[in-house]
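Undergrad: Just to be clear, the model below is a prediction. Sequence and coordinates:
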Amino acid sequence: MTVLVVLTDTSTRTEQQQAAALTQRACGEVRVHTPSLLSTVGDLAVVDRAVGHLPQVRHVARVPGDYPRASVQSRMGRPSTVALGRAAFGPGQFTVIAGPCSVDNHDQLMEVGRAVRDAGGHALRGGAFKPRSSPYAFQGLGRRGLDLLAEARRVTGLPIVTEVLDVRDLPAMLPCVDMLQVGARNMQNFALLRELGRLRTPVLLKRGLAASIDETLMAAEYILDGGNTDVVLCERGIRTFETGYRFTLDIGAVPVFKERSHLPIIVDPSHAAGETARVIPLALAAAACGADGIIVETHCDPAAALCDGKQALPTSRLPELIDGVVNVARAAGRTAGPMMSERNDRHRELVLTGDPAGTVASARVRWR
Ligand code: PEP
Ligand code: MN
């Protein structure tokens with residue numbers, strides 16, 4: 001069992017060495033993560049007896065899996081915050097990443113980017129390198145896609161979130177990207193995780209299709225262990241026996257991640273939904289269950305999308321989505337961070353058309 005020893009921030013080097021030496025003597029092994037965080041594998045009572053009485057020790061605790069740095073105990077229950085552009089993932093905030101599954105072409109990305117900004121999104125997603133089940137399916141525009149993402153960032157002011165498949169692409173990606181996404185299929189690509197740990201670019205780590213909560217946290221630990229503390233987790237649905245939708249959105253995992261880890265967690269309703277009509281209900285569930293935000297796929301012309309068009313929310317429905325999640329998140333005690341579209345002197349108002357009791361025909365944001 002992993003046991004943590006958290007030292008006071010004011011402990012001296014000698015005090016840290018003393019705590020490490022006593023832990024090592026008691027358990028035969030000690031790992032020094034930061035000057036104020038040690039861990040070992042052993043018995044809680046044994047470690048507590050060895051170092052619990054020292055004045056420089058704040059707290060000795062057991063962690064349910066082997067992820068000392070990701071554990072909620074390592075920060076004494078204080079959730080961490082990861083900044084992205086003007087927004088952030090963390091306590092009290094609800095942050096929306098939206099954009100196409102893949103960067104298809106110039107006009108598509110600019111149009112979607114402007115729609116995301118105008119509807120009040122905080123960041124733009126879009127894959128330039130796509131992990132596809134078939135090697136014959138569209139694999140993304142690659143480097144050309146990165147150039148388009150850089151242009152979309154200039155045009156919209158939104159930070160960019162995009163998936164990294166291969167460490168060899170990182171030098172080309174880093175100048176164009178504000179947050180690197182690790183896809184579900186790569187959650188346990190440990191060489192990739194180690195490399196991302198060496199960077200200081202925020203990482204969005206998606207839960208694997210068949211990964212347990214603790215396996216996901218150990219994957220996050222690989223990145224944290226390298227010294228990159230800006231990790232955001234993402235629940236995107238898992239494989240179960242159910243065939244009624246694409247993946248089972250494990251909404252119950254969100255509070256469990258929060259019990260076990262200080263890392264922010266967001267929800268991807270799109271890949272679980274598999275179909276457009278289910279995206280907004282799942283996004284609302286994410287906002288209600290305490291997630292720190294969502295990442296959602298949207299397209300200006302879903303029928304023409306080169307990837308995942310079936311689940312893409314038309315950009316015309318983004319205001320309805322964002323207003324909905326912001327309202328539900330507010331009920332759950334959170335507010336949306338600053339939006340790129342926000343102007344201090346203006347008031348945001350949602351204008352809906354259609355049958356007020358039934359289907360919304362259109363929704364747009366009006367600034368007054
Ligand atoms: C994606 O975000 O487009 C994607 C491929 O997601 P996932 O890795 O969760 O399937
Ligand atoms: Mn997709």
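TA: Thanks, I have the structure now. Ligands and ions are numbered 1, 2, ... in the order given.

Undergrad: What parts of this structure come near ligand 1?
TA: Counting by CB under 6 Å from any ligand atom, the chain comes close to ligand 1 at 101, 127, 131, 183-185, 206, 236, 268, 271. (Each C-beta comes from the backbone N, C-alpha and C, glycine too.)

Undergrad: between the residues you listed, which is closest to Arg58?
TA: Checking those against Arg58 with CB to CB, the nearest one is Lys206 at 33.0 Å.

Undergrad: Pull the contacting residues for that closest one.
TA: Neighbouring residues of Lys206 by CB atoms under 8 Å, 6 or more residues apart in numbering: 181-184, 187, 234, 236, 268.

Undergrad: Out of these, give me the one that has the most neighbours.
TA: Among the contacts of Lys206, Asp268 has the most neighbours (other CB atoms under 10 Å), with 28 neighbours.

Undergrad: What separation do you get for it and Ala19?
TA: Here Asp268 is placed at a distance of 41 Å from Ala19 (CB to CB, to the nearest Å).

Undergrad: now Gly142
TA: According to CB to CB, Gly142 stands 49 Å off from Ala19.

Undergrad: Who has more neighbours out of those two?
TA: Higher neighbour count among Gly142 and Ala19: Ala19, with 24 against 15, using other CB under 10 Å.

Undergrad: Just give the closest residue to that one, not the sequence neighbours.
TA: Computed as CB to CB, 6 or more residues apart in numbering, the closest residue to Ala19 that is not its neighbour in sequence is Val51, at 5.2 Å.

Undergrad: thought the one you found was touching Val6?
TA: No - in this structure, Val51 is not within contact of Val6 by CB atoms under 8 Å, at 10.5 Å.

Undergrad: Quickly list what's touching both of the two.
TA: Both Val51 and Val6 are contacted by 57, 60, under the criterion CB under 8 Å, 6+ apart.

Undergrad: Between those two, tell me which one has more neighbours.
TA: Comparing Val51 with Val6 by other CB under 10 Å, the one with more neighbours is Val51, at 25 against 21.

Undergrad: Asp169: neighbour count?
TA: Using other CB under 10 Å, the number of residues around Asp169 comes to 17.

Undergrad: Same question for Ser36.
TA: Counted with other CB under 10 Å, residues neighbouring Ser36 total 19.

Undergrad: Show me the helices in the protein, by range?
TA: Taking DSSP state H to define them, one finds helices in the chain at 13-27, 44-51, 106-119, 143-156, 170-173, 190-198, 213-225, 253-260, 269-273, 279-288, 318-331.

Undergrad: Out of these, which is closest to Val82?
TA: Between those, helix 213-225 lies closest to Val82; by CB to CB that is 11.6 Å.

Undergrad: Quick check: closest non-adjacent residue to the residue in the chain that ligand 2 sits nearest to.
TA: Residue nearest to ligand 2 within the chain: Cys101 (3.3 Å; CB to the ion). Nearest residue to Cys101 in three dimensions, chain neighbours excluded: Asp308, at 3.7 Å (CB to CB, 6+ apart).

Undergrad: deepest of the helices of the chain, which one?
TA: Comparing the helices of the chain by mean neighbour count (mean count of other CB atoms under 10 Å), helix 269-273 comes out on top with a mean of 26.

Undergrad: list the helices and strands it packs on?
TA: helix 279-288, strand 293-299 (3 or more CB pairs under 8 Å, 6 or more residues apart in numbering; DSSP states H and E).

Undergrad: distance between it and the chain's centre?
TA: Centre-to-centre, helix 269-273 and its host chain are 15 Å apart (CA atoms, centre = their mean, to the nearest Å).

Undergrad: Tell me which residues touch Gly77, please.
TA: By CB under 8 Å, 6+ apart, the contact set of Gly77 is His262.

Undergrad: do Ala336 as well
TA: Each residue near Ala336 by CB under 8 Å, 6+ apart is listed here: 93-96, 120, 122, 322, 326, 329.

Undergrad: where does the closest residue to Val96 other than its chain neighbours land on pLDDT?
TA: Spatial nearest neighbour of Val96, chain neighbours left out: Gly121 (4.8 Å); criterion: CB to CB, 6+ apart. As predicted, Gly121 sits at a pLDDT of 97.

Undergrad: what are the phi and psi values for Gly121?
TA: Gly121 adopts backbone torsions of phi -70, psi 160, taken as degrees, to the nearest 10.

Undergrad: Neighbours of Asp104, how many?
TA: Asp104, neighbours per other CB under 10 Å, totals 25.

Undergrad: Surely it and Ala305 touch.
TA: Yes - shown here, Asp104 and Ala305 form a contact pair, counting by CB under 8 Å, at 6.6 Å.

Undergrad: where are the low-confidence patches of this protein?
TA: Along the chain, the parts satisfying pLDDT under 70 run over 340-368.

Undergrad: Look through it and state the residue closest to ligand 1.
TA: Gly183 (3.0 Å; CB to the nearest ligand atom).

Undergrad: From what I see, that residue and Leu165 are in contact.
TA: Yes - under the criterion of CB under 8 Å, Gly183 is in contact with Leu165, at a separation of 7.4 Å.

Undergrad: Identify the contacts common to these two.
TA: Listed as contacting both Gly183 and Leu165 by CB under 8 Å, 6+ apart are Pro131.

Undergrad: residues touching the residue nearest to the spatial centre of the chain, list them.
TA: Nearest to the geometric centre of the chain sits Val232, at 3.6 Å (CA atoms, centre = their mean). Val232 makes contacts with 82, 89, 179, 202-205, 263-266, 292, as judged by CB under 8 Å, 6+ apart.

Undergrad: State the distance from Thr298 to Val41.
TA: Per CB to CB, Thr298 is found 45 Å from Val41.
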